[in-house]
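K.L.:
following is a predicted model, sequence given first.
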Amino acid sequence: MTEDIEVSFPGGKRVDARVMGRTIGTDQPVELGGAGEAPAPFDLFLASIATCAGIYGLGFCQSRGLGTEGLALKQTHEIDPETKLPIRIRLELTFPPDFPEKYRAPLLRSVAGCKVKKTILSGLSFDVKETRHV
């Protein structure tokens, strides 16, 4: 179970998150008033999908003693021109030439089963509330 995530505002357009004793920094791109010194929060969101899919794929390969050299995962997304929100995310797995055929479809299913994707599709709800200082 992960700990709570604490957010701080160190200046400019930076917003940092403290997660399990580590700080993850974000910044806005220069064209949006930031310094562009870290990924934007939305970029981290997209990266969390890709890296989650990647860790599922890595775990699949490691549990079967399959090498990952030459294995590649690429994520692309399609944006709705009106809402500017993603409407489709594609994960493309490139197999090395010598990757065993019998593991290709199961590895694709493993990558597709990542927890971040499942969470997004689960109908997750958000609550935002005020906490007053005492």
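P.N.:
Structure's in. What do you need?

K.L.:
for the spatially most central residue of the chain, report the pLDDT, please.
P.N.:
Centroid check for the chain by C-alpha atoms, centre = their mean gives Ser48 as the closest residue, at 1.0 Å. At Ser48 the predicted local distance difference test score is 96.

K.L.:
skipping adjacent residues, who's closest to it in space?
P.N.:
Distances taken as C-beta to C-beta, 6 or more residues apart in numbering put Val116 closest to Ser48, at 5.3 Å, once the chain neighbours are dropped. Bear in mind the C-beta positions are built from the backbone N, C-alpha and C, glycine included.

K.L.:
what residues of the biggest helix by length in the chain count as buried?
P.N.:
For the chain, the longest helix by residue count, based on DSSP state H, is helix 41-63. Judged by neighbour count (16 or more other C-beta atoms under 10 Å), helix 41-63 contains these buried residues: 46, 48-54, 56-58, 60-61.

K.L.:
show me what the next helix or strand after it is packed against.
P.N.:
Sequence-wise, the next helix or strand downstream of helix 41-63 (DSSP states H and E) is strand 72-79. Counting by 3 or more C-beta pairs under 8 Å, 6 or more residues apart in numbering; DSSP states H and E, the packing neighbours recorded for strand 72-79 are helix 41-63, strand 86-94.

K.L.:
what lines up beside the last one in the sheet?
P.N.:
In other words, strand 86-94. In its sheet, strand 86-94 lies beside strand 72-79 (antiparallel), with partners assigned from DSSP bridges.
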